[in-house]
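Asker: Just need the structure, nothing else, for what follows:
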Amino acid sequence: MKRKLAEWSRWLHIYLSMFSFVIVFFFAVTGLTLNHLEWFPEKETLHEVDGHLNPAWVNVIDTAQVKKLEIVELFRSQYQVHGILNDVRIDETEVSVSLQGPGYTADAFIDRSTGTFHLTERSLGFVAWINDLHKGRDTGQGWKWVIDFSAIFMSLISLTGIILLLFLKKKRVNGIIWLVFGLLLVIGLYFFTGL
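Answerer: Okay, the predicted model is just below:
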């Protein structure tokens, strides 16, 4: 039984490490970029467009009949706006549409009487994009699954590494000492650095 456990742990540790290398490396690097935002100043690019859409889509008495889908699809197809639809607000004179993605926002303000609009796109650059991916901000359900699977893979890699260490008689004691030292260091840094 012990031998089988050691074999399975070794197999899982090696192949899970290789399979998840890119995503584990990604979360390690973005952990650093998030922790030191001052090292990576934002490189915001702003793109603004004025235009006109079909006034019949917005110039209606019943606000429930405002053509939200058509408006969003117009911005996606003609102006290459992307991201997840975050908000649509309708008041007496204006419709506002907001889309967001990692490191990206697009906001449109539409005059309900004429159909004229002002569209503003903001992109905060590569580092903001990967930082938002790390946090799962403004991403779809698919990316949230990637984050969940990454956490599971990291946990399994860590656990199989400890199991493997327990089977190495010559390195077991030193390994456990380093494990305890690392645990105490993390706890000590948390409590004694003014948090």
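Asker: State the number of residues packed around residue 15.
Answerer: 11 (other Cβ atoms under 10 Å). (Glycine included, C-beta is placed from N, CA and C.)
Asker: typed the wrong thing, it's residue 95
Answerer: Applying the criterion other Cβ under 10 Å, we find 23 residues in the vicinity of residue 95.
Asker: In a strand, it, correct?
Answerer: Yes. Judged by DSSP: H, G, I helix; E, B strand; the rest coil, residue 95 forms part of a strand.
Asker: Okay, domains of the protein per the record?
Answerer: According to automatic domain parsing, the chain is divided into the following domains: 2-40+128-192, 45-123.
Asker: Considering those domains, which stretch scores lowest in mean pLDDT?
Answerer: Of all those, domain 2-40+128-192 carries the lowest average pLDDT, namely a mean of 87.
Asker: and the end-to-end length of it?
Answerer: Criterion Cα to Cα, to the nearest Å; first-to-last residue distance in domain 2-40+128-192 is 41 Å.
Asker: can you pull out the strands in the chain?
Answerer: With strands called from DSSP state E, the chain shows them at 45-52, 84-90, 94-101, 104-111, 116-123.
Asker: what's residue 123 in contact with, if anything?
Answerer: Taking Cβ atoms under 8 Å, 6 or more residues apart in numbering as the criterion, residue 123 is in contact with 44, 45, 47, 103, 104.
Asker: how about a cut-off of 6 Å?
Answerer: The contact partners of residue 123, taken as Cβ atoms under 6 Å, 6 or more residues apart in numbering, are 45, 104.
Asker: Would you quantify the distance from it to residue 184?
Answerer: 43 Å (Cβ to Cβ, to the nearest Å).
Asker: Equivalent analysis for residue 49, please.
Answerer: With distances defined as Cβ to Cβ, the gap from residue 49 to residue 184 amounts to 57 Å.
Asker: between the two, who's got more neighbours?
Answerer: Neighbours were counted for residue 49 and for residue 184 using other Cβ under 10 Å; residue 49 has more, 14 against 10.
Asker: and the nearest residue to the more buried one once chain neighbours are set aside, what are its bridge partners?
Answerer: Closest residue to residue 49 in three dimensions, ignoring its sequence neighbours and counting by Cβ to Cβ, 6 or more residues apart in numbering: residue 119, at 4.5 Å. Partner residues in beta bridges with residue 119: residue 49, residue 108, with DSSP bridges as the criterion.
Asker: Look at residue 119 and say how many residues are nearby.
Answerer: The burial count assigned to residue 119 is 18, neighbours taken as other Cβ under 10 Å.
Asker: Also residue 1?
Answerer: Other residues lying near residue 1 total 5 when counted by other Cβ under 10 Å.
Asker: Would you mind measuring from the residue nearest to residue 49 to residue 89?
Answerer: Summarising the geometry, the distance separating residue 119 from residue 89, computed by Cβ to Cβ, is 15 Å.
Asker: Please identify the most buried of the domains of the chain.
Answerer: By mean neighbour count, with neighbours taken as mean count of other Cβ atoms under 10 Å, domain 45-123 ranks first of the domains of the chain at a mean of 15.
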